[in-house]
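Participant: prediction below, plus the sequence it came from.
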Amino acid sequence: MASVDHGSSHPHNLGVARVQSHTLCGIEVHCIQQDALPGRAWHQLSNHHPMLAIVVNETGGLCEARPSLHSGANRSNVRRHRRNGHTSLIPAGLPIWCYSDQIARVDAVRLILDVNRVFEVMGGEFQVARLTEPRLTFFDENLQVLARLLALNQDDMPSFHLFGDSVVAAIIARLSYLSATNQPVISRRLGLTKRQLTQVTEFMHDNLSLCIRLSELASLTGLSASQFGRAFKVSTGMTPHKWHLAIRIEYAKRMLTDREKRLVDIALEAGFSEQSHFSVKCVGGARRSVLYPQSPGMPGRNGSSLRNRRAMRSLPGIRWGRRP
């Protein structure tokens with residue numbers, strides 16, 4: 001059992017919980033694998049901050065969020081879609097019961113939504129009042145895909161914070177969109193200026209071996225993390241994490257021509273925490289990233305690799321022949 005406070009208490013008929021916790025974009029993120037014993041099981045969720053609880057997998061049955069233990073939630077919408085997983089937005093201080101019957105295991109991702117951090121991520125463009133309104137057991141495909149990316153890659157998160165930051169920023173942006181159903185949505189469709197893009201790409205080149213955070217890149221442009229992530233992708237066609245990973249791989253491949261360098265030294269210079277990560281990406285022509293397992297409903301990425309490399313060569317700030 002993990003000792004961190006991930007919002008769960010008053011357990012009944014539950015087995016072992018495996019929890020990995022991260023701080024991404026300043027937001028506490030808990031990736032949880034909860035086993036349940038045969039029969040009915042439940043526990044209470046509550047936190048002094050609002051909480052976004054995303055169930056990404058239900059093995060052996062279905063679970064649901066209830067305002068009280070003995071009241072059934074309306075799950076007809078989820079059943080009609082026949083999807084695996086659901087989301088609940090839980091206001092600060094409001095106890096919610098997670099109930100299941102004959103379920104074997106639940107995989108979930110919980111975000112503790114510190115309002116100040118949420119505001120920073122969104123650049124002030126967030127309706128905080130919506131966080132005081134509970135919304136239980138609803139289904140959103142985008143939140144499911146993003147949460148599964150966190151759950152699938154949680155072991156690699158300490159080495160790839162830029163990836164985790166980007167996913168959490170996208171989750172917060174999606175939540176903001178869902179919360180603004182009756183309000184005009186302001187969306188930044190413009191990319192970065194040439195100067196902003198040069199500053200950011202130069203910074204990435206100069207810090208290949210370091211673990212870059214999304215907030216660092218955003219601060220170079222004067223944008224929020226969410227605004228920066230969208231603008232960067234408009235300008236480059238790639239997420240900041242994927243762009244940074246690509247130039248690290250290109251640098252490492254150039255260094256492989258130096259027979260005096262050890263593989264482990266090249267891996268560390270290129271920012272890979274372990275030689276195994278580096279070997280999968282660079283040795284033997286392996287192209288598929290261990291950080292992007294194919295999720296149901298997600299488009300393939302291999303077909304765009306050549307197009308992305310050609311696009312990157314035309315961007316300002318790209319120094320293909322220089323060491324950092």
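Facilitator: Cool, the structure landed.
Participant: rest of the way, CA atoms for contacts and neighbours
Facilitator: Fine.
Participant: can you give me the strands in the stretch 51-200 of the chain?
Facilitator: Assigned by DSSP state E, counting those that start in this stretch, the strands in the stretch 51-200 of the chain fall at 51-59, 63-66, 86-90, 96-101, 105-112, 135-138.
Participant: buried residues in the longest helix along the chain, which are they?
Facilitator: For the chain, the helix with the greatest residue count under DSSP state H is helix 161-179. Applying a neighbour-count criterion of 16 or more other CA atoms under 10 Å, the buried positions in helix 161-179 are 161-177, 179.
Participant: give me the element R18 is part of.
Facilitator: R18 belongs to strand 14-24 when assigned by DSSP states H and E.
Participant: which outside residues touch that strand?
Facilitator: Identification of contacts with strand 14-24 by CA atoms under 8 Å, 6 or more residues apart in numbering yields 1-2, 4, 28-37, 41-42, 154, 157-158, 161, 164-165, 168.
Participant: buried ones among these?
Facilitator: 28-37, 41-42, 154, 157, 161, 164-165, 168.
Participant: helices - which of these land there?
Facilitator: Counting by DSSP H, the buried ones among the contacts of strand 14-24 contribute 161, 164-165, 168 to helices.
Participant: tabulate those (TSV), appending pLDDT and distance to L52.
Facilitator: Converted to TSV, these look like this (pLDDT from 0 to 100; distance: CA to CA, whole Å):
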residue	pLDDT	distance to L52
H161	90	20
G164	94	16
D165	96	16
V168	96	11
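Participant: name the nearest of the residues you listed relative to C211.
Facilitator: When those are ranked by distance to C211 (CA to CA), H161 comes first, at 6.5 Å.
Participant: thought that closest one was touching I212?
Facilitator: Yes - taking contacts as CA atoms under 8 Å, H161 lies within contact range of I212: 6.8 Å.
Participant: the protein - how does it break down into domains?
Facilitator: 8-179, 194-289+302-313 (automatic domain parsing).
Participant: if you average pLDDT over each of the ones you listed, which is lowest?
Facilitator: Per-stretch mean pLDDT for the domains of the chain is lowest at domain 194-289+302-313 (a mean of 75).
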